[in-house]
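>>> Quick one, structure for this:
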Amino acid sequence: MSEEEDYTKALEGVLARTQNSELARKAVGVLLIAAFLGAAGWFVYDLLPRRHHLTITGGEITGNRHFLAKVLQEVAADEGVTLKIVPTKGSIQALEMLESGELDLALSQGGLEPGFDDVVHVATLAPELIHFIVKPGIETVHDLRGKVINLGGKAGGTRVVAQSILRSSGLEEGVDYVETNFSNDRIITMRREQLPDVVVNVSFQPSFIADFLVKERGYRLLEIPFPGSLALRMGWVADATVLAYTYGIDPPVPERDIKTVGVNLHLLANANVPPRAVQAVLEALYSPAVASQSRIVLDEENIALPSGFPLSPGTLAFTARKDPLLSPEVMEQLKAAAGLAFSMVSGMLIAVRWFRGKPIREEFHDAEIKTRIAEVAAIERRLIEGRADHEEADRELAALRLGVLERLGSLRLQDSSLVGTLLAAERGARERIAL
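Here you go, the predicted structure:
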């Protein structure tokens, strides 16, 4: 006998002894049933509706992103998501908070270095426009030399993007211009004579800060030429236009449609946010209610435009919701689910059998009755051949008849006609005796 056969035989022996022990059998049976019930409970729990509580930032409270976050907060409540808005000083701070887990979601502009391991891409929304809001007398990019330019907070993405554009225009910080880093809130509260010559803002149009500076402080908008080479060097930029009269009619600001640089706005998330929560947020984001209240056109076709971060599993689930119901992938999943269900049912039956112990063989008495019929036939044959004493044969037939009638209530027969056959044979033998 091989070593493998020895192990198999030993294992079979252990299993047999375990099953013969009532305590061990019940313990194993209970554990198996509990495991199957636990697995079934987990699947049911996974199907139950959820209420998600997440944090989100749209940057400074005077920005368009904050307004979009407020709209999303209201609409997402109907999708089972409670959003708490946390103001931040800019996209860089938002990314740092996403990375550390202090934030769950953030509306962040493109053009930033994606050096974060725990940040994922949820959606690309739409291009924001870079606004160079300038004092009168600044007509071209060349006029920015020697000026004070406010690039927003050092923790904001506006500064990173604006510096890239200024460098591509041949302007170097500290040499060709002086940088300041006032927040939008600070700009609004400053006296006119304290304001910088230029305020750079990244926003959908109309920009809140641009609207304020144009109407309350007499600023204008500067056109930023968009050479194709800029897009080649910076994949996150796009050609954009600020429409005439956006910020004023008399005087018109701008007087005509002007070119500027567009920067994609992204919705990012911490990698640990549950995919189902991300999917619920996306259902709200692309709903008609958000488009109506924010007046921002969000094209779902652009959802996966790259931000430099990996796609969230929730985004993949959201985009797959329109796939054909019985696609090959779904069929494979159904097959797997059917296999799992079959395995669970089979396992449950095995557990129940184990719990009950060795199967009880159901016994029938057909063979016994057939033996009695054969005995009656043998008695009748002896009578026919004249080899049987009639009195003895009568006693034997009576004993057979009584034995069957006494056990009639306990007999288990597959062929219920056997008793009738036996009694008919017994009457025939008695008739033979009477001849």
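
>>> which stretches of the chain form strands?
Secondary structure of the chain by DSSP state E: the strands cover 52-57, 81-85, 105-109, 119-134, 147-150, 177-180, 198-203, 220-222, 237-242, 248-249, 252-253, 258-270.

>>> Next, format those as JSON lines and append distance to residue 299, mean pLDDT and mean neighbour count.
C-betas here are computed from N, CA, C, even on glycine. JSON lines is the format used below for those (distance: least, Cβ to Cβ, whole Å; pLDDT from 0 to 100; neighbours: other Cβ atoms under 10 Å):
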{"stretch": "strand 52-57", "distance to residue 299": "21", "mean pLDDT": "94", "mean neighbour count": "20"}
{"stretch": "strand 81-85", "distance to residue 299": "22", "mean pLDDT": "94", "mean neighbour count": "17"}
{"stretch": "strand 105-109", "distance to residue 299": "16", "mean pLDDT": "91", "mean neighbour count": "27"}
{"stretch": "strand 119-134", "distance to residue 299": "7", "mean pLDDT": "92", "mean neighbour count": "24"}
{"stretch": "strand 147-150", "distance to residue 299": "32", "mean pLDDT": "96", "mean neighbour count": "20"}
{"stretch": "strand 177-180", "distance to residue 299": "35", "mean pLDDT": "94", "mean neighbour count": "17"}
{"stretch": "strand 198-203", "distance to residue 299": "19", "mean pLDDT": "92", "mean neighbour count": "26"}
{"stretch": "strand 220-222", "distance to residue 299": "26", "mean pLDDT": "94", "mean neighbour count": "22"}
{"stretch": "strand 237-242", "distance to residue 299": "14", "mean pLDDT": "80", "mean neighbour count": "18"}
{"stretch": "strand 248-249", "distance to residue 299": "29", "mean pLDDT": "88", "mean neighbour count": "12"}
{"stretch": "strand 252-253", "distance to residue 299": "28", "mean pLDDT": "91", "mean neighbour count": "16"}
{"stretch": "strand 258-270", "distance to residue 299": "12", "mean pLDDT": "90", "mean neighbour count": "23"}
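
>>> now these in TSV, with distance to residue 418?
TSV is the format used below for these (distance: least, Cβ to Cβ, whole Å):
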stretch	distance to residue 418
strand 52-57	71
strand 81-85	73
strand 105-109	79
strand 119-134	76
strand 147-150	107
strand 177-180	108
strand 198-203	96
strand 220-222	107
strand 237-242	93
strand 248-249	109
strand 252-253	109
strand 258-270	77
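
>>> closest to residue 367 out of those?
strand 52-57 (69.1 Å; Cβ to Cβ).

>>> Can you give the distance from the closest one to the centre of its chain?
Strand 52-57 sits 17 Å away from the centroid of its parent chain (Cα atoms, centre = their mean, to the nearest Å).

>>> who touches stretch 203-210?
62-65, 67-68, 126, 128-129, 131, 133, 184, 187-188, 199, 201, 219, 221, 242-243, 246-247, 265, 296 (Cβ atoms under 8 Å, 6 or more residues apart in numbering).

>>> if you set the cut-off to 7 Å instead, what comes out?
Identification of contacts with stretch 203-210 by Cβ atoms under 7 Å, 6 or more residues apart in numbering yields 62-64, 128-129, 131, 133, 184, 187, 199, 201, 221, 242, 246-247, 296.

>>> of all these, which comes closest to residue 305?
Among the contacts of stretch 203-210, and counting by Cβ to Cβ, the member closest to residue 305 is residue 128, at 13.4 Å.

>>> residues contacting that closest one?
Residue 128 touches 109, 202, 203, 204, 262, 263, 265, counting by Cβ under 7 Å, 6+ apart.

>>> Go ahead and confirm the second one touches residue 132.
Put plainly, it is residue 202. No - Residue 202 lies out of contact with residue 132 (Cβ atoms under 7 Å); the separation is 10.6 Å.

>>> Please identify which of the contacts of residue 128 is nearest to residue 276.
residue 265 (23.9 Å).

>>> Hmm, residue 82 and residue 53 touching each other?
Yes - counting by Cβ under 7 Å, residue 53 does reach residue 82; the two are 4.8 Å apart.

>>> okay, and the common contacts of these two?
With Cβ under 7 Å, 6+ apart as the test, residue 53 and residue 82 reach no residue in common.

>>> returning to what we had before: just name the closest of the contacts of stretch 203-210 to residue 101, please.
Out of those, the member with the shortest distance to residue 101 (by Cβ to Cβ) is residue 63, at 23.6 Å.
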